[in-house]
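Trainee: Need a 3D model of the sequence below.
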Amino acid sequence: MKKYNFNAGPSMLPREVIENTAKQMLDFNGSGLSLMEISHRAKDFQPVMDEAMALVKELLDVPEGYSVIFLGGGASLQFCQVPCNFLIKKAAYLNTGVWAKKAMKEAKHFGEVVEVASSAEATYSYIPKGWQCPTDVDYLHITTNNTIYGTEIRKDLDVPVRLIADMSSDIFSRPVDVSKYDCIYGGAQKNLAMAGVTIIIVKDDCLGRAPREIPTMLDYRTHVEKGSMFNTPPVVPIYSALETLRWIKREGGVEAMNRRAVERGRMLYDEIDRNRLFRGTVAVEDRSLMNICFVMNDEYAELEKPFMEFATERGMVGIKGHRSVGGFRASCYNAQTIEGVKALVACMQEFEAKH
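Mentor: Prediction:
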């Protein structure tokens, strides 16, 4: 039976990325050594790092004056590293979900934090509207896609202060005007690579302004100056990121990824809205194209477990909603296929016909 991977992360990767990375795990570039055991200082690995950084800049049209670095620690480390480098006195955060809230918590270690708006009272089922960005803050932090609740900010905000974004789960899924941001970061295990590496795009001239002595490993300048080679980088995840970046370029770049995301989202949301058994969980205008969340309609609530079993029997993997919200979540990152979405839609229709 064919399996369709809807896991929220670590998530599906293009098959050719997996196969190409697996080949290098056995013999990296004909060296007779595994990618897992080569030195990051080896002459064969530096081109991997160089090409990966160059492709990030090419695919996202990163302007001059920005650096791309690859680190460990995931977005969770960035919740701390961002304010350590950028927070001077006060920072503003838009609270749109669990990860935004965690980022706010870490920032409070370094200065005052202002919550500009929140949708917590409605279980983060919408992106707050009509809020004003304070002008006396060092930066505004946003989380562009909320994996647990299924909301997404799909446009680049215009604000009068520095803008910093956690794009862990939607980076490379749409064009981004990088010039509007001073820092973009994301754990790679959604749209870019296997777990274990974090991508950071940072504006060079905004570094070194914090009024504190920054520990060496937390200082972005350390890693910019050393080309992400200050300490041993996560070699295998970076290589898998390179293969994914090559794949995105071959497939038509972020514009093509965006078109596919829109098509997948329209197909699945149309079925959720049509099907008598299901309903969406977030405001229509804020629906994520990466994490599509839905539940049983109230009158069919008892069918939640039977549908999960039914879908699992038909090869659907990872569609169980996050434990904090329940229901179902179909994660449709870049590698997700139209075939996979059609299979899930057919599964929903078949289950409706039975009930």
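Trainee: Where do the strands of the stretch 101-250 of the chain begin and end?
Mentor: For the stretch 101-250 of the chain, the strands defined by DSSP state E, counting those that start in this stretch cover 112-118, 139-143, 145-146, 151-152, 162-166, 183-187, 198-203.
Trainee: ok, and which of those strands has the densest surroundings?
Mentor: For the strands of the stretch 101-250 of the chain, the largest average neighbour count (mean count of other Cβ atoms under 10 Å) is found in strand 145-146, namely a mean of 28. C-beta coordinates here come from the backbone N, C-alpha and C atoms, glycine included.
Trainee: So for that one, mean pLDDT?
Mentor: For strand 145-146, mean pLDDT rounds to 98.
Trainee: same check, this time on stretch 345-354
Mentor: Mean pLDDT, computed over stretch 345-354, is 98.
Trainee: List the buried residues for it?
Mentor: Of all the residues in stretch 345-354, those buried under the rule 16 or more other Cβ atoms under 10 Å are Val345, Cys347, Met348, Phe351, Glu352.
Trainee: can I get these in a markdown table with secondary structure?
Mentor: A markdown table is the format used below for the buried residues of stretch 345-354 (DSSP: H, G, I helix; E, B strand; the rest coil):
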| residue | secondary structure |
| --- | --- |
| Val345 | helix |
| Cys347 | helix |
| Met348 | helix |
| Phe351 | helix |
| Glu352 | helix |
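Trainee: could those residues be laid out in a markdown table, adding distance to Met49?
Mentor: Formatted as a markdown table, the buried residues of stretch 345-354 follow (distance: Cβ to Cβ, whole Å):
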| residue | distance to Met49 |
| --- | --- |
| Val345 | 41 |
| Cys347 | 42 |
| Met348 | 43 |
| Phe351 | 47 |
| Glu352 | 50 |
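Trainee: out of those, who's nearest Ser228?
Mentor: Distance to Ser228 across the buried residues of stretch 345-354 (Cβ to Cβ) is lowest for Val345, with 41.2 Å.
Trainee: What residues does the closest one make contact with?
Mentor: By Cβ atoms under 8 Å, 6 or more residues apart in numbering, the contact set of Val345 is Met267, Leu268, Glu271.
Trainee: Can you give the contact residues for the biggest helix by length in the chain?
Mentor: Counting by DSSP state H, the longest helix found in the chain is helix 253-274. Here helix 253-274 makes contact (Cβ under 8 Å, 6+ apart) with 59-60, 172-176, 248, 251, 278-280, 287-290, 292, 294, 330, 332, 334, 336, 338, 341-342, 344-345, 348-349.
Trainee: Present the strands of the stretch 101-250 of the chain as a markdown table; the columns should include distance to Glu37.
Mentor: What follows is the strands of the stretch 101-250 of the chain, written out as a markdown table (distance: least, Cβ to Cβ, whole Å):
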| stretch | distance to Glu37 |
| --- | --- |
| strand 112-118 | 43 |
| strand 139-143 | 37 |
| strand 145-146 | 35 |
| strand 151-152 | 39 |
| strand 162-166 | 33 |
| strand 183-187 | 25 |
| strand 198-203 | 23 |
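Trainee: Determine which of those approaches Tyr220 most closely.
Mentor: Nearest of these to Tyr220, taken as Cβ to Cβ: strand 198-203 at 5.5 Å.
Trainee: any idea how far that closest one is from the chain center?
Mentor: Put simply, strand 198-203 sits 13 Å off its chain's centre (Cα atoms, centre = their mean, to the nearest Å).
Trainee: So which elements touch that strand?
Mentor: strand 66-71, helix 74-86, strand 183-187, helix 220-225 (3 or more Cβ pairs under 8 Å, 6 or more residues apart in numbering; DSSP states H and E).
Trainee: Asp27 touches Ile38, doesn't it?
Mentor: No. Asp27 is beyond contact range of Ile38, at 10.5 Å (criterion: Cβ atoms under 8 Å).
Trainee: Look at the two and report which has more neighbours.
Mentor: Legend: neighbour count by other Cβ atoms under 10 Å for Asp27 and Ile38, higher for Ile38 (19 against 12).
Trainee: Helices of this protein, residue ranges please.
Mentor: 15-26, 46-59, 74-86, 98-107, 220-225, 235-250, 253-274, 304-313, 338-354.
Trainee: Indicate which one of those is closest to Pro160.
Mentor: Using Cβ to Cβ and comparing these, the one that lies nearest Pro160 is helix 74-86, at 15.9 Å.
Trainee: So which elements touch the closest one?
Mentor: If you count contacts as 3+ Cβ pairs under 8 Å, 6+ apart, helix 74-86 packs onto helix 98-107, strand 162-166, strand 183-187, strand 198-203.
Trainee: contacts for the longest one?
Mentor: By Cβ under 8 Å, 6+ apart, the surrounding residues in contact with helix 98-107 are 75-76, 78-80, 82-83, 87, 91, 93-95, 113, 115, 120, 124, 141-143, 146-148, 166, 168, 324.
Trainee: so it versus helix 74-86, what angle?
Mentor: With axes from the mean of the first three to the mean of the last three Cα atoms, to 10 degrees as the basis, helix 98-107 and helix 74-86 are set at 40 degrees to each other.
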